[in-house]
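>>> sequence below, structure please.
(2 chains)
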Amino acid sequence: MTTTRAAAILLAKELRLEFRTRELLSATIVFALVIVVLFSFAFDPTAAESRRYGPGLLWIAFLFAGSLMLNPSFAREQSNDTLDALRMAPISPFAILSAKMLANFIFMSLVELVLVPVFSVLYNVSLAGVAGRLALVLVLGTIGLTVTGTVFSAIASHARMRELLLPLLLLPILTPLLIAAVEATASLLVDQPELDRTWVASLAGFDIVFLTASWLLCDYLIEE
Amino acid sequence: MKGRIATTIVVGALIFFAGYAALFLAPDEKTMHVIQRIFYFHVPSWIAMFVAFSVVFVANIAYLATRKATWDCLGVSAAEVGVVCCTIGLATGPLWARPVWGIWWTWDARLTTTFILWLLYISYLLLRGLLDDPEKKATLSAVFGIFAFLDVPLVYVSNRLWRTQHPQPVILGGNGSGLDPTMGKVLLLCVIAVMGVMIIVLFDRYRLERLRHEFEELRLEVETRDLTPASILGKEST
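Residues are numbered from 1 along each chain as shown, chains lettered A, B, ... in the order given. Sure, this is the predicted structure:
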């Protein structure tokens, strides 16, 4: 079986598993909303300040929500030792990993799809004119988040205190992604929005570096 | 053992002399005066840190390629030594920055990068502590170590694009940079001395890790055998 076909089947399995209960998605969306709401209590921003702090808030909410959401990705395979079954299948380990990355990417995108309009309404930031460009930034940022996050979820799933460990491993590594994503988003929230190419290139660079690294190292992550 | 004592004495004398040279032999800096002398330990500790973290990276790759426990022992030892050097650098930096820049800390490219580096390698050590199975610990922490090392240039570049305040490198820093020749010699001495200390500590830490690893293996071996008094006595009677 080709890697693509195996990954597609596994992706369907991941999605079916999640959409049966939707518990991971709903919990993550609510968590991200809580961060957005708490932020307004902590800083009480005016409309102009929202535009300045908004991108940072949005990405901090995504990063925190992501670092919690990615935890069960590998951990929930453990209760029934289902990862062993996947390992025994005659497919490449990258198929297993990339299916999980794609599934997490879809979950995270759904969270963003809910959160961005809510943010726009609550903080009076108009996003209508920049939706397409914002989507590009969100996609590139989310790829970086889910690629590294899925790899670290595989690492943390073997450890004690994994719920605490994953954010600890993931968040420092995501610093360059956070800077680039926030700056690129900020360039879209000003009066004359113009997408900052440097930051988009940085985001793409981050994605490429870690996607390649996870492709090279996935054998070690999935092995027994 | 004799060689070990001799090296310690030599490196001890070196670090002592390096301290003396940094405080008394190096010429006074024009604007910063005595404060500038912290530079003779600040810069060598960064160099030592960089060497240590590079050793971690090489050891991580070598472990994944060969699966020899020695590489894993080297990786964790170098990570610990690197974190110590990094802590020294992060502590001496603000001591210098407060009188010279007027602030303890700034979110500049180099400062932020090393701070993130420090966090990353502490997470590396924490991760090792939380993984129980020795083989899993070695493999997964090696993967994490490689990811962490790959992140360093990205953190640096993004912070560089973002904002920077740190003095530009005075050595090999292009036009207009350069050190007074005596300062250069003192710095070289300090780098050699600090590297010497780092290598001795790394060597000792590595030996300790090997012993620990060996002990762990023996313990596992003993646990798998039946060593209850009854079974031993039973064997003797037959």
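
>>> in the chain, where is pLDDT below threshold?
Going with chain A. When the per-residue scores of chain A are filtered using pLDDT under 70, the ranges that remain are A:224.

>>> think we crossed wires, I meant chain B
Under the criterion pLDDT under 70, the flagged ranges of chain B are B:30, B:163-178, B:226-227, B:232, B:234-238.

>>> what parts of it come near chain A?
Within reach of chain A by C-beta under 8 Å from any C-beta of the partner chain, chain B has these residues: B:64, B:112, B:116, B:119-120, B:123, B:126-127, B:130-133, B:136, B:139-140, B:142-144, B:146-148, B:150-151, B:154-155, B:157-159, B:161-162. In short, each C-beta sits where N, CA and C put it, glycine included.

>>> weed out the non-buried ones from those residues.
Judged by neighbour count, with 16 or more other C-beta atoms under 10 Å in any protein chain shown as the criterion, the buried members of the residues of chain B next to chain A are B:64, B:112, B:116, B:119-120, B:123, B:126-127, B:130-131, B:139-140, B:142-144, B:146-148, B:150-151, B:154-155, B:157-159, B:161-162.

>>> find the centremost residue of chain B, please.
With distances taken as C-alpha atoms, centre = their mean, chain B has residue B:82 as the residue nearest its mean C-alpha position (1.2 Å).

>>> which helix or strand contains it?
If you go by DSSP states H and E, residue B:82 is part of helix B:69-101.

>>> in that helix, what's buried?
Residues of helix B:69-101 classed as buried: B:69, B:71-86, B:88-90, B:92-93, B:96-97 (neighbour count, 16+ other C-beta under 10 Å).

>>> with stretch A:116-130 instead?
Result for stretch A:116-130 [16+ other C-beta under 10 Å]: buried residues A:116, A:119-120, A:123, A:125, A:127, A:130.

>>> give me the subset of these lying in strands.
If you go by DSSP state E, the buried residues of stretch A:116-130 have nothing in strands.

>>> sorry, back to before: other SSEs contacting the helix holding residue B:82?
helix B:39-66, helix B:109-130, helix B:134-162, helix B:181-224 (3 or more C-beta pairs under 8 Å, 6 or more residues apart in numbering or on different chains; DSSP states H and E).

>>> quick check: angle from that helix to helix B:134-162?
When axes from the mean of the first three to the mean of the last three C-alpha atoms, to 10 degrees is applied, the directions of helix B:69-101 and helix B:134-162 differ by 30 degrees.

>>> what values do phi and psi take at residue A:91?
phi -130, psi 160 (degrees, to the nearest 10).

>>> name the nearest residue to it, sequence neighbours excluded.
residue A:6 (3.9 Å; C-beta to C-beta, 6 or more residues apart in numbering or on different chains).

>>> any chance you could list what contacts the helix or strand containing the one you found?
Secondary-structure element containing residue A:6, defined by DSSP H and E: helix A:3-21. Taking C-beta atoms under 8 Å, 6 or more residues apart in numbering or on different chains as the criterion, the residues outside helix A:3-21 that touch it are A:24-25, A:86, A:89, A:91-92, A:94-96, A:98-100, A:102-103, A:106-107.

>>> need the buried ones from these selected in PyMOL.
Provided next is the PyMOL selection string for whichever of these are buried by 16+ other C-beta under 10 Å:
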select buried, chain A and resi 24+25+86+91+92+94+95+96+98+99+100+102+103+106+107
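
>>> can you name the next helix or strand after the helix of greatest length in chain A?
For chain A, the helix that runs over the most residues, judged by DSSP state H, is helix A:93-122. The helix or strand immediately downstream of helix A:93-122 is helix A:131-156, counting by DSSP H and E.

>>> how about that next one: buried residues?
Of all the residues in helix A:131-156, those buried under the rule 16+ other C-beta under 10 Å are A:133-134, A:136-138, A:140-156.

>>> what's it packed up against?
Secondary-structure packing of helix A:131-156 (3+ C-beta pairs under 8 Å, 6+ apart): helix A:47-69, helix A:72-75, helix A:93-122, helix A:162-173, helix A:175-189, helix A:197-222, helix B:134-162.

>>> quick check: angle from the third one to helix A:175-189?
Taking the same axes, to 10 degrees, one finds helix A:93-122 and helix A:175-189 inclined to each other by 40 degrees.

>>> give me the angle between helix A:93-122 and helix A:3-21.
Computed by the same axes, to 10 degrees, the angle between helix A:93-122 and helix A:3-21 is 50 degrees.

>>> hmm, helix A:93-122 touching chain B?
No: using C-beta under 8 Å from any C-beta, helix A:93-122 stays clear of chain B, with a minimum separation of 11.6 Å.

>>> counting contacts, what elements does that helix pack onto?
Under the contact criterion of 3+ C-beta pairs under 8 Å, 6+ apart, helix A:93-122 touches helix A:3-21, helix A:23-43, helix A:47-69, helix A:72-75, helix A:82-88, helix A:131-156, helix A:197-222.

>>> residue 210: neighbouring residues, count only.
By default, I'm working from chain A. 24 (other C-beta atoms under 10 Å in any protein chain shown).

>>> correction: the question concerned chain B.
Neighbouring residues of residue B:210 were enumerated by other C-beta under 10 Å; the total is 15.

>>> quick one: contacts for the closest residue to it other than its chain neighbours?
Nearest residue to residue B:210, sequence neighbours excluded (C-beta to C-beta, 6+ apart): residue B:73, at 5.3 Å. Counting by C-beta under 8 Å, 6+ apart, residue B:73 touches B:206, B:209-210, B:213.

>>> how near is residue A:189 to chain B?
Computed as C-beta to the nearest C-beta, to the nearest Å, the residue A:189 to chain B distance reads 17 Å.

>>> what does residue A:75 give?
Between residue A:75 and chain B the computed distance is 14 Å (C-beta to the nearest C-beta).

>>> tell me the contacts of that residue?
Counting by C-beta under 8 Å, 6+ apart, residue A:75 has contacts A:153, A:156-157, A:162.

>>> one step back: and the helices and strands packed on helix A:93-122, which is most packed in?
With neighbours taken as mean count of other C-beta atoms under 10 Å in any protein chain shown, the helices and strands packed on helix A:93-122 reach their highest mean count in helix A:131-156, at a mean of 23.

>>> residue B:105 touches residue B:91, doesn't it?
No: between residue B:105 and residue B:91 no contact is recorded; they are 11.4 Å apart, counting by C-beta atoms under 8 Å.
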